[in-house]
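Peer 1: Show me how the following folds:
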Amino acid sequence: MTDGKRPDDSRTGGLGEPGAQELAERSYAIEQQKVNRVIRIVTPFISVAIAILIGSLVILASGGDPVAAFKAMFEGAFGSQRAIGETLIRSTPIIFTGLAVGFGFRAGLFNIGAEGQLFLGGLAAAFIGVQLGSLGWYVALPAAIVAAALAGAAWAFIPAVLKARTGAHEVITTMMFTYIARYLVDWMVAFVIRAPGTIPQTAELPVASRLPRFSDLLPFLEPSRGHAGFVLAVLIAIAVWVILRSTAFGYEARAVGFNQSAAESGGISVGRMTVKALCFSGALAGLAGAAEVMGVHYRLFSSFSPGFGFTGIAVALLAKNNPLAMIASALLFGAMSAGAGTMQLQTDVSQKVILVVQAVIVFLVGAETIVTWVIGRVRGKREVAPVAA
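Peer 2: Numbering: from 1, shown residues only. Below you'll find the predicted structure:
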């Protein structure tokens, strides 16, 4: 007498119910998803730790003390209210550029031209800030910020259209437009909107067109250069996170970035979304230019950005394109930049070590397989799918 089960009932369990093997496979799949999620979260932290270790070896090889060097760097970044202010102003533009690059990545686009869009944003902010500064901060401030965003979006528009209509790769076009933007700003500052004097630069922004400093808003704070642009950057990061998660625009951007064919089949115009996403990315980069001009320098000159657009690529990679994580990622890079001078002054360790650390972080995040392999070795076991007994 049989129990009514077919030979493969050990898998199905009979009557359509899952068997032991299928339950084991489901459990294994769920466990693997949890492990992969943990690895994705800890990979940036491990990358930073490995980069600091390599930086320490470089310091030791040069005869320095890595503990003293990194302690001095930390003090230079967070040791006083003034140091914190310096960290914040260095973090602010790379939050914006990180958001610009990261949003492009989420939409399947490689916006390598954030630096050029930043320059156009700075140009627009400087021009509008000077022209409208006499109308009061409630007009000049928002007008200059909006103008910077629109200028960044406009500078990304042509590469976006070329990508959508002809398939021209955005890496090439946005990079070339970066060079055009830099030389265009050089020419504008030197000949068109140059202020009187020997140095090629624009006129100083009126007070009404400047982003207020924290020490001006909160008199109990020590004087520092930290300004309200950092608060704006945090708010924009939160807004981008909400857009990606809770709006049709964000859903379509993520869908196109995940699978263009599936998105097209679902009724999403890939070409139209390409233009919108790249222009939105450019607008975010333009805000970085506004933050530098309106919050730090109060005028525009040819070298006002030391490469914030390119640093934003590293920030986006480290944050795994998560807008909220980019705040922490930018603070890390900003702190290293702000503390490098103190490190060199107190310990005689070259600031170039910080560039080595940053480069290693980017390399390890880009080559995530290496870090994943390290994690697997630490775990000390190989995951093997369960088989039926």
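Peer 1: just checking, residue 228 touches residue 212?
Peer 2: Yes: with contacts defined as C-beta atoms under 8 Å, residue 228 counts as touching residue 212 at a distance of 5.2 Å. In short, each C-beta sits where N, CA and C put it, glycine included.
Peer 1: Looking at those two, which is more packed in?
Peer 2: When neighbours are counted by other C-beta atoms under 10 Å, residue 228 and residue 212 differ, and residue 228 comes out ahead with 19 against 15.
Peer 1: Let's check: the centremost residue of the protein is which one?
Peer 2: The structure's the chain has its C-alpha centroid closest to residue 98; by C-alpha atoms, centre = their mean the separation is 1.7 Å.
Peer 1: any idea which element the nearest residue to that residue once chain neighbours are set aside lies in?
Peer 2: In space, and not counting its chain neighbours, residue 98 is closest to residue 315: 3.4 Å by C-beta to C-beta, 6 or more residues apart in numbering. With elements delineated by DSSP states H and E, residue 315 resides in helix 308-318, which encompasses its position.
Peer 1: Check the offset of that helix from the chain's centre.
Peer 2: Using C-alpha atoms, centre = their mean, to the nearest Å, the mean C-alpha position of helix 308-318 is found 5 Å from that of the whole chain.
Peer 1: What's the mean pLDDT across that helix?
Peer 2: The average pLDDT within helix 308-318 is 92.
Peer 1: Same question for stretch 268-284.
Peer 2: Per-residue pLDDT over stretch 268-284 has a mean of 96.
Peer 1: Return it as PDB; C-alpha atoms alone will do.
Peer 2: Presented in PDB, the C-alpha positions along stretch 268-284 are these (Å, rounded to 0.1, in the frame of the first residue of the first chain):
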ATOM      1  CA  ILE A 268       8.200  54.700 -20.400                       C
ATOM      2  CA  SER A 269       9.900  56.800 -23.000                       C
ATOM      3  CA  VAL A 270      13.600  56.100 -22.600                       C
ATOM      4  CA  GLY A 271      14.700  59.100 -24.700                       C
ATOM      5  CA  ARG A 272      12.500  61.600 -22.800                       C
ATOM      6  CA  MET A 273      13.600  60.200 -19.400                       C
ATOM      7  CA  THR A 274      17.200  60.400 -20.500                       C
ATOM      8  CA  VAL A 275      16.800  64.100 -21.200                       C
ATOM      9  CA  LYS A 276      14.900  64.800 -18.000                       C
ATOM     10  CA  ALA A 277      17.300  62.800 -15.800                       C
ATOM     11  CA  LEU A 278      20.500  64.300 -17.200                       C
ATOM     12  CA  CYS A 279      19.100  67.800 -17.000                       C
ATOM     13  CA  PHE A 280      18.000  67.200 -13.400                       C
ATOM     14  CA  SER A 281      21.500  65.900 -12.700                       C
ATOM     15  CA  GLY A 282      23.000  69.100 -14.200                       C
ATOM     16  CA  ALA A 283      20.700  71.200 -12.000                       C
ATOM     17  CA  LEU A 284      22.100  69.600  -8.900                       C
END
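Peer 1: Only the buried residues of it, if you could.
Peer 2: Counting neighbours by 16 or more other C-beta atoms under 10 Å, one finds that the buried residues in stretch 268-284 are 268, 270, 273-284.
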